[in-house]
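Peer 1: Starting from these lines, generate the structure:
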Amino acid sequence: TAYELKECDWSSDVCSSDLKAALAKFKGGDVEAAVLAVAEARVAAARLKLDFAENRVKREELRVAKGLASAFEVILEQVALARAQAKLAEAESALAAAKGEDGSKAKLTAAELWLHAEQERLRGAERLLARSKIRREAGLAGPSELSDTRVERADARAAVAAADARLARLIANLEKQGGQ
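Peer 2: Numbers count the residues shown, from 1 in each chain. Model (predicted):
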């Protein structure tokens, strides 16, 4: 598919050819089939992106083993992998909803995976900050590098807090629904 051929297409949740098929169903009057087709396409695209992310982690691990990359490159790819896992869980949740199924478990899984992804990002930012401090002390980095890594760490902390709050809200809503 286009996703396998061009990395530039990876910013989209659905391949354009899949959207054309869904649009044809919508124009034909079958709205439910169109919604289901889009949801299925999102899951398929998310699976491809997950495979791609897994392969990038493996590639970076090999590059580190050969001395061609730093361990930080692996961390960045692991963050991307964690995000791809969360996107797949979200797509599966939307597919369950399109099928009329209860997607609560999938939503919870997606929220947990997003929290994990943001925690990985924060760990990476902490490591980068420590590395920048060492580089600064050795005279190998300027103050802007240290400042930039502090900003990234602050952004990562905020993202972790937001993901944690999202998970807490979802759990509270699920508990409310269970009590009704």
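Peer 1: which stretches of the protein have low pLDDT?
Peer 2: Segments of the chain classed as low confidence (criterion: pLDDT under 70) are 1-22, 25-26, 103, 179-180.
Peer 1: Mind doing that once more with 90?
Peer 2: 1-50, 52-53, 57, 60-61, 63-180 (pLDDT under 90).
Peer 1: Longest helix in it, please.
Peer 2: Across the chain, the longest stretch assigned as helix under DSSP state H is helix 143-179.
Peer 1: Next, count neighbours for the closest residue to E126 other than its chain neighbours.
Peer 2: Counting by C-beta to C-beta, 6 or more residues apart in numbering, the nearest residue to E126 once its immediate chain neighbours are dropped is R153, at 6.3 Å. For glycine as for every other residue, the C-beta is placed from the backbone atoms N, C-alpha and C. Using other C-beta atoms under 10 Å, R153 has 18 neighbouring residues.
Peer 1: Could you do the one 3 residues further on as well?
Peer 2: Neighbouring residues of A156 were enumerated by other C-beta under 10 Å; the total is 22.
Peer 1: Would you mind confirming that it is in contact with R127?
Peer 2: No: with contacts defined as C-beta atoms under 8 Å, A156 does not count as touching R127, sitting 11.1 Å away.
Peer 1: Which helix or strand contains the nearest residue to L88 once chain neighbours are set aside?
Peer 2: In space, not counting the residues next to it along the chain, L88 is nearest to A46; the distance is 4.0 Å by C-beta to C-beta, 6+ apart. In this structure, A46 is located in helix 31-65 according to DSSP states H and E.
Peer 1: roughly how far apart are G100 and G28?
Peer 2: 20 Å (C-beta to C-beta, to the nearest Å).
Peer 1: A98 now?
Peer 2: Distance check for A98 against G28: by C-beta to C-beta, it reads 17 Å.
Peer 1: more neighbours, these two?
Peer 2: Counted by other C-beta under 10 Å, A98 and G28 do not tie: A98 has more neighbours, with 20 against 10.
Peer 1: T149 contacts R127, correct?
Peer 2: No: with contacts counted by C-beta under 8 Å, T149 stays clear of R127, the gap being 9.6 Å.
Peer 1: Give me the more crowded residue out of those two.
Peer 2: T149 (22 against 16).
Peer 1: Enumerate every residue touching the more buried one.
Peer 2: When contacts are counted by C-beta atoms under 8 Å, 6 or more residues apart in numbering, T149 is found next to A125, L128, L129, S132.
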